[in-house]
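**Q** Mind looking at a prediction? Sequence and model below.
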Amino acid sequence: MLPGIGAAAECAQMQHETAGYVVCEVDVTRERLRLFLYDETERPYGFFGTLEAALEKDGLQLGFAMNAGMYHEDRSPVGHYIEDGEQRRGVISNAGPGNFGLLPNGVFCLREDRADVIETLRYLREKPDCRDATQSGPMLVIDGELHPKFLEDSESRYVRNGVGTSADSSRAFFVISDAPVTFHQFGSFFRDRLKLRNALYFDGNVSRLRAPDLGRNDLGFSSLGPIIGVVVPAQ
């Protein structure tokens with residue numbers, strides 16, 4: 001466990017070099033971590049508050065949550081997406097424009113009592129039976145190495161968010177930067193500060209976080225695509 005972070009879905013402020021980050025650690029052997037996109041009428045939830053209201057009808061409550069992958073204007077996922085066993089979009093394996101197509105990219109896969117960040121071509125070879133999965137890109141850390149195209153002197157800076165997983169797949173670490181950072185800075189935080197061997201970029205500029213224990217619930221002006229969150233019984 002990281003200093004200041006507990007065994008369940010708890011969030012803490014951390015510092016690395018000159019930048020600050022919020023890290024939310026989820027023990028997937030104890031917490032119910034799920035992906036969400038469409039409601040029962042096939043409309044995107046779009047906002048944490050909308051999702052929370054829908055869960056309350058089922059006697060559930062939303063804890064930690066974060067946007068979880070890139071999406072088109074209609075909020076449909078750019079890449080592979082599985083929710084509660086139902087595949088909504090297949091894997092995109094070819095290079096393309098934008099951050100998503102900056103290969104290698106990867107898939108965040110949730111299975112029973114485990115969470116993994118898996119590089120896309122490896123994912124296609126191994127065909128894991130994911131209950132929930134979201135594809136995004138680029139990979140931030142691949143087997144302990146930063147993405148080969150990250151530049152230390154890059155001038156591209158955004159508030160960024162992403163996820164990394166522990167070596168035993170029992171914990172997922174969701175991170176959002178406090179201020180605009182480069183890909184190199186962001187990936188280095190996962191590799192050097194959190195000591196994670198695999199991490200995946202979710203998005204930048206539209207990055208949002210819900211962290212009740214920090215009193216944080218980012219609203220934003222536009223709706224989101226895929227959302228990942230911890231679900232608990234309503235109190």
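**A** It's in. Numbers count the residues shown, from 1 in each chain.

**Q** Hmm, residue 118 is touching residue 128, no?
**A** Yes. Residue 118 lies in contact with residue 128 (CB atoms under 8 Å); the separation is 6.9 Å. In short, each C-beta sits where N, CA and C put it, glycine included.

**Q** Which one's more surrounded, the two?
**A** Between residue 118 and residue 128, counted using other CB atoms under 10 Å, the more crowded position is residue 118 (22 against 15).

**Q** residues contacting that one?
**A** 106-109, 126, 128, 198 (CB atoms under 8 Å, 6 or more residues apart in numbering).

**Q** what do you get if the cut-off is 10 Å, keeping everything else the same?
**A** Going by CB atoms under 10 Å, 6 or more residues apart in numbering, residue 118 touches 106-109, 124-126, 128, 130, 133, 135, 139, 165, 198, 200.

**Q** do residue 186 as well
**A** 16, 19, 21, 140-141, 146, 150, 157-162, 175-177, 199, 201, 204.

**Q** try 8 Å
**A** 140, 160, 162, 175, 177, 201.

**Q** can you check residue 142 too?
**A** Per CB under 8 Å, 6+ apart, neighbours of residue 142: 104, 106, 119, 198.

**Q** before we move on, back to that, which of the contacts of residue 118 sits closest to residue 75?
**A** Ranked by distance to residue 75 (CB to CB), the contacts of residue 118 are led by residue 135 at 15.4 Å.

**Q** about what we covered before: so what sits against both of residue 118 and residue 128?
**A** In contact with both residue 118 and residue 128: residue 109, using CB under 8 Å, 6+ apart.

**Q** Make a PyMOL selection of the buried ones in the contacts of residue 118.
**A** Typed into PyMOL, the line below selects the buried ones among these, using 16 or more other CB atoms under 10 Å:
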select buried, resi 106+107+108+109+130+133+135+139+165+198+200
